[in-house]
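Enquirer: Fold the stuff below for me.
(chains A and B)
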There are 2 protein chains.
Amino acid sequence: MTVIAIPEGSLFGPGNLPYGIFSTADTEPRVGVRVGDSVLDLSRLFDDIVFAEPSLNAFMAQGRARWDEVRAAIQDAITGDLDEDAVFSIDDVTLHLPIEVADYVDFYASENHASNLGRLFRPQNPDPLMPNWKHLPVGYHGRSSTVVTSGVDIVRPCGQRKGPNDEVPVFGPSVRLDIEAEMGFVVGVGSPMGSQIAPDDFADHCFGAVILNDWSARDIQAWEYVPLGPNLGKSFATSISPWVVPLAALEAARIDTPVQDPEPLPYLRGDEKWGLDIDLAVEWNGHLVSRPPYAQMYWSPAQMLAHTSVNGAATRTGDLFGSGTISGVEKDQRGAFIELTWGGAEPVRVGDETRTFLEDGDEIAISATAPGPDGTRIGFGEVRTRILPATGTGI
Amino acid sequence: MTVIAIPEGSLFGPGNLPYGIFSTADTEPRVGVRVGDSVLDLSRLFDDIVFAEPSLNAFMAQGRARWDEVRAAIQDAITGDLDEDAVFSIDDVTLHLPIEVADYVDFYASENHASNLGRLFRPQNPDPLMPNWKHLPVGYHGRSSTVVTSGVDIVRPCGQRKGPNDEVPVFGPSVRLDIEAEMGFVVGVGSPMGSQIAPDDFADHCFGAVILNDWSARDIQAWEYVPLGPNLGKSFATSISPWVVPLAALEAARIDTPVQDPEPLPYLRGDEKWGLDIDLAVEWNGHLVSRPPYAQMYWSPAQMLAHTSVNGAATRTGDLFGSGTISGVEKDQRGAFIELTWGGAEPVRVGDETRTFLEDGDEIAISATAPGPDGTRIGFGEVRTRILPATGTGI
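Expert: Prediction:
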């Protein structure tokens, strides 16, 4: 038998307990929970086949009462002796994509981000926001097949771009490859076609949250996106962190959103607070370049889910939705390099070098923490990705 | 033993053989092939567990050589005696959604449709097409969870809309509910992240084609779509026909696309012809209102798939992509009511009534046929849908 020692100040104490999918040299991918610097194998702790699955989906589909029950049982179990075959060092495991992604939707919920992009792309407009922006959480469907987790390198995408001085579009590797630092939310229990989810029912449907990096090829996106929105500028990759922090771990992080004026339509109103006081950090080649504050996000994830389903669209276990780039009011809180470098006009220092957009070999790590119970902090871990050179350039 | 009698002039002769998922009162959903007015149970004809699955995905994933082998074996089998337990009358079976949809992308490949919408929405522009339109097949990701098949009623969606004279957006049932008559293409064999599919490799990846109705709430769409494209105006439902016509059945339908000028970039060029001479028919409450000709589509499905993957995006078994509304040059060839009624300004006759957009209780049936081998014609069947009144209006 063994006891899990949780280091002082660990971001993975008993108030966190994020779920993920792990494997070792000897075991297939299965469900684990992170405790301190250990991973606890839930397929050994509980007699339930959902924990032997290679994704969290079957467990998530069991619903909120079961999520609460399992969380309480884990909190109880880790105070005592554990089967040593059920406990692994975080250094000895491989982490996998935690969910089988059903539909992936990405929103645009930061007023600072939307305003910055408006100022960059439509400087002639007096209001940088589009007329619909404060009435609904604007979003679009992204590509589920290219959601990957931390540690999966991203190949620089190729595509069409057409600069202001180009007569015709040219084909080649993106020269304006960017990040979007976001949080992602995972649906555990879906809703049937023809029904709606109210904002106050969010916790019955949303299982938890991850860090999300919505890779964006700004040059491809700029040429393609009228009138149907982003497609190949985004569809090549979206990275999420391997640990899904359950909503129950975020109780102390729940805050009001900023004041929403005009008041949203009734279907977007609720009594529950679903603003979230999550602090992100973006490292570029090991150097901190931005600290996006989720607390400043205009639309809450509960509003995003309510909006997604208000037309009767079904939601499913494994649906993933991103918040959109998180940007604070300060320059060093901007969650995309197009904002941080003001469209490339103001390079940023990255250690001894300067950067506008991503170069081959660059590595981005986005991490996040939030208030936990009793004055502690909890961590989301990180999503870390390296950029590989383009392939297929000779097509 | 029994013999399948194929009626003279049947659209489901041995040159067609579309695949679908069917069940009877006594049997679970499984793979069948339509022959004349019969459905042949492939789980009884072949000793392969893929045919006992409730979707075509496992069979589709086996690849083109296997698709050819099975097609030849069916063509051989139906000339002789068959186990009578393997043959059902089309009237005795229930048809189901034929595929488990992975990613769903919808394109915008009809020059007539894109030009008509440009003239309607941007009458001040000298060129109704956007600058990118003739350089790439414009498309966006749609919602996979709401793809349904023929016979599934659609609940009128609710959402925000804001008319030109509204001070603020209002919430309620869509008052401009429309169809988009399209063809859909199903990926059988995907491609890994970081790789590209060339147009001439289309037949190694695409399993077959269906009729697709991309339901569109024009009022919701008009308010929400800037700048990230359609979301709730489309995500409530997409209907496809239950029979997937294999690409091999479309040999006689293959034609050149219209001349593409300017010449597309090399990754969109190929030697194989993938224009398709498919004739659609749209019936509104039983009255023929449009005959959209797929032959006039500017971009081929092979180009759509090449474009989807040129940035290295993975494709998967079960990916579905729609052509976008099919509209011919003539008014009675327009595949969406917003074009057919010119934004609602020119109502159409529907039997003894007139219509602009869809009313509750209306029924739409889209059918399609194409040239088959030896002067025959083949059918895609139909996708038939009724509009139910909105729910959730009191939110």
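Enquirer: Please count neighbours and contacts with C-alpha atoms only from this point.
Expert: Noted.
Enquirer: number of nearby residues for residue A:169?
Expert: 17 (other C-alpha atoms under 10 Å in any protein chain shown).
Enquirer: what does residue A:69 give?
Expert: 11.
Enquirer: got it, and the one 4 residues further on?
Expert: Counted with other C-alpha under 10 Å, the burial measure for residue A:73 works out to 13 neighbours.
Enquirer: What segments of chain A are helices?
Expert: Secondary structure of chain A (DSSP state H): helices at A:42-45, A:57-60, A:64-77, A:111-121, A:202-205, A:218-224, A:301-309, A:337-340.
Enquirer: List the contacts of residue A:249.
Expert: A:15, A:16, A:17, A:372 (C-alpha atoms under 8 Å, 6 or more residues apart in numbering or on different chains).
Enquirer: circling back: I'd like the helices of chain A as JSON lines, with mean pLDDT appended.
Expert: Shown next, in JSON lines, are those (pLDDT from 0 to 100):
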{"stretch": "helix A:42-45", "mean pLDDT": "98"}
{"stretch": "helix A:57-60", "mean pLDDT": "98"}
{"stretch": "helix A:64-77", "mean pLDDT": "98"}
{"stretch": "helix A:111-121", "mean pLDDT": "95"}
{"stretch": "helix A:202-205", "mean pLDDT": "98"}
{"stretch": "helix A:218-224", "mean pLDDT": "97"}
{"stretch": "helix A:301-309", "mean pLDDT": "98"}
{"stretch": "helix A:337-340", "mean pLDDT": "98"}
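Enquirer: circling back: return the subset of the contacts of residue A:249 lying in strands.
Expert: Under the assignment DSSP state E, the contacts of residue A:249 contribute nothing to strands.
Enquirer: thinking again about what came up before, now the helices of chain A as CSV including distance to chain B?
Expert: Output for the helices of chain A, formatted as CSV (distance: least, C-alpha to the nearest C-alpha, whole Å):
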stretch, distance to chain B
helix A:42-45, 28
helix A:57-60, 15
helix A:64-77, 22
helix A:111-121, 10
helix A:202-205, 16
helix A:218-224, 6
helix A:301-309, 7
helix A:337-340, 17
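Enquirer: so can I have CSV of the ones you listed showing distance to residue B:105?
Expert: Below are the helices of chain A laid out as CSV (distance: least, C-alpha to C-alpha, whole Å):
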stretch, distance to residue B:105
helix A:42-45, 37
helix A:57-60, 24
helix A:64-77, 32
helix A:111-121, 25
helix A:202-205, 26
helix A:218-224, 15
helix A:301-309, 18
helix A:337-340, 27
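Enquirer: Report the contact partners of residue A:207.
Expert: A:60, A:64, A:185, A:186, A:187, A:188, A:189, A:246, A:247.
Enquirer: Identify the farthest-apart pair in these.
Expert: Among the contacts of residue A:207, the pair separated by the greatest distance (C-alpha to C-alpha) is A:64 and A:185, at 15.1 Å.
Enquirer: so where's the longest strand in chain A?
Expert: Longest strand of chain A, by residue count under DSSP E: strand A:377-388.
Enquirer: And the contacts of residue A:207, which of them are buried?
Expert: By neighbour count, with 16 or more other C-alpha atoms under 10 Å in any protein chain shown, the contacts of residue A:207 hold A:60, A:64, A:185, A:186, A:187, A:188, A:189, A:246, A:247 as buried.
Enquirer: What about the closest residue to residue A:129 other than its chain neighbours, how many residues nearby?
Expert: Leaving aside its chain neighbours, residue A:129 sits nearest to residue A:115 (5.5 Å; criterion: C-alpha to C-alpha, 6 or more residues apart in numbering or on different chains). For residue A:115, the count of nearby residues is 18 (other C-alpha under 10 Å).
Enquirer: Domain boundaries for chain A, per the record?
Expert: A:19-96, A:104-388 (automatic domain parsing).
Enquirer: Check the separation of the first and last residues in the shortest one.
Expert: With C-alpha to C-alpha, to the nearest Å applied, domain A:19-96 spans 11 Å between its terminal residues.
Enquirer: and if you look at the last one?
Expert: Start to finish, the residues bounding domain A:104-388 are 24 Å apart (C-alpha to C-alpha).
Enquirer: swap in stretch A:159-176?
Expert: With C-alpha to C-alpha, one end of stretch A:159-176 sits 12 Å from the other.
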